[in-house]
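Visitor: Model the following, please.
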Amino acid sequence: MATPRIYHPEPFSINTVITLDDNAAAHLVRVLRLQNDAPILLFDGSGQEYAAKLTDVGKKTANAYVTHCSKTETASPLQLHLGQVISKGDRMDFTIQKATELGIHDITPLWSQRCDVKLNQGRLQKKCEHWQRVAISACEQSGRCQVPTIHAPQTLSDWLAQIQADCKLVLHPHNQSPLKEQAVPESVALLVGPEGGLSDDEVALCQQRQFNGLTLGPRILRTETAALTALAVLQYQWGDF
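Guide: Next up is the predicted model:
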């Protein structure tokens with residue numbers, strides 16, 4: 001079994017004992033059935049990973065003794081910010097999970113004219129917390145030491161007005177130029193629309209905000225497939241793939 005990786009959001013240091021939160025302890029003790037002195041890996045989102053061993057294992061609780069820093073993450077040189085119109089069901093979870101594995105730095109859920117998802121303020125807050133947990137879990141699984149930021153949802157027009165990046169792309173066939181002919185950027189903002197696509201007014205607004213079009217071949221891709229395919233292409237062209 002691979003050594004379990006656990007995210008611990010509070011800062012810690014070598015040669016200290018930390019108390020694992022209830023979810024982490026339950027997973028290690030009740031699911032994986034680990035005992036005292038079992039090795040684990042910890043990261044706090046700062047970009048480093050630490051080796052530790054379990055101590056004081058109880059029925060539902062556990063501590064960890066941090067022994068040393070085991071590695072420092074080398075994040076992708078390409079700062080990727082995904083603006084994703086909120087999709088139905090578990091599609092948004094899937095997009096966030098896989099985008100995290102692909103090295104995304106920021107994700108902003110968006111509302112657009114053709115977005116079918118309706119959430120009241122209470123449900124929206126719970127969704128945001130859930131999406132952040134999805135990203136953390138993907139970091140634990142994939143070996144990432146930095147957790148991407150899941151920003152508060154906002155309207156498409158507001159995001160377009162404030163987003164800053166060296167390269168701005170939207171999945172739409174307008175103003176296209178081959179990626180290989182563009183100057184290598186340090187940051188990219190990628191906009192992916194809803195299942196029903198962006199409206200004509202939204203496409204015009206993208207053009208006003210200097211978003212160039214990007215297409216991914218002759219076939220029509222679902223919104224979550226399109227986002228992940230585009231991220232993989234960008235990481236291959238300008239990132240660390």
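Visitor: what does the domain assignment say about this protein?
Guide: Split into domains by automatic domain parsing, the chain comes to 5-72, 79-238.
Visitor: what's the span of the shortest one, first residue to last?
Guide: Chord length of domain 5-72, first to last residue, is 14 Å (C-alpha to C-alpha, to the nearest Å).
Visitor: okay but residue 25 is in contact with residue 56, surely?
Guide: No - Residue 25 lies out of contact with residue 56 (C-beta atoms under 8 Å); the separation is 10.1 Å. All C-beta atoms are positioned from the backbone trio N, CA, C, and that covers glycine.
Visitor: and residue 185, that one's in a helix?
Guide: No - per DSSP: H, G, I helix; E, B strand; the rest coil, residue 185 lies outside any helix segment and is coil.
Visitor: Skip the chain neighbours and tell me the closest residue to it.
Guide: Nearest non-adjacent residue to residue 185, counting by C-beta to C-beta, 6 or more residues apart in numbering: residue 166, 3.5 Å away.
Visitor: Enumerate every residue touching that neighbour.
Guide: Contacts for residue 166 (C-beta atoms under 8 Å, 6 or more residues apart in numbering) come out as 185, 186, 187, 188.
Visitor: on that earlier part again, next, format the domains of the chain as TSV and append mean pLDDT.
Guide: As requested, the domains of the chain are arranged in TSV below (pLDDT from 0 to 100):
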stretch	mean pLDDT
domain 5-72	93
domain 79-238	92
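Visitor: can you tell me the distance between the two ends of stretch 27-38?
Guide: For stretch 27-38, the end-to-end distance is 13 Å (C-alpha to C-alpha).
Visitor: Buried residues, it. List them.
Guide: Using 16 or more other C-beta atoms under 10 Å as the burial criterion, the residues of stretch 27-38 that qualify are 27, 28, 29, 34, 38.
Visitor: Which helix or strand contains residue 131?
Guide: helix 121-142 (DSSP states H and E).
Visitor: Look at the residue positioned nearest the centre of the chain and give its secondary structure.
Guide: The structure's the chain has its C-alpha centroid closest to residue 100; by C-alpha atoms, centre = their mean the separation is 3.5 Å. Using three-state DSSP, the structure places residue 100 in helix.
Visitor: What of residue 147?
Guide: coil.
Visitor: ok, now which ones touch it?
Guide: Residue 147 touches 7, 45, 132, 135, 136, 139, counting by C-beta under 8 Å, 6+ apart.
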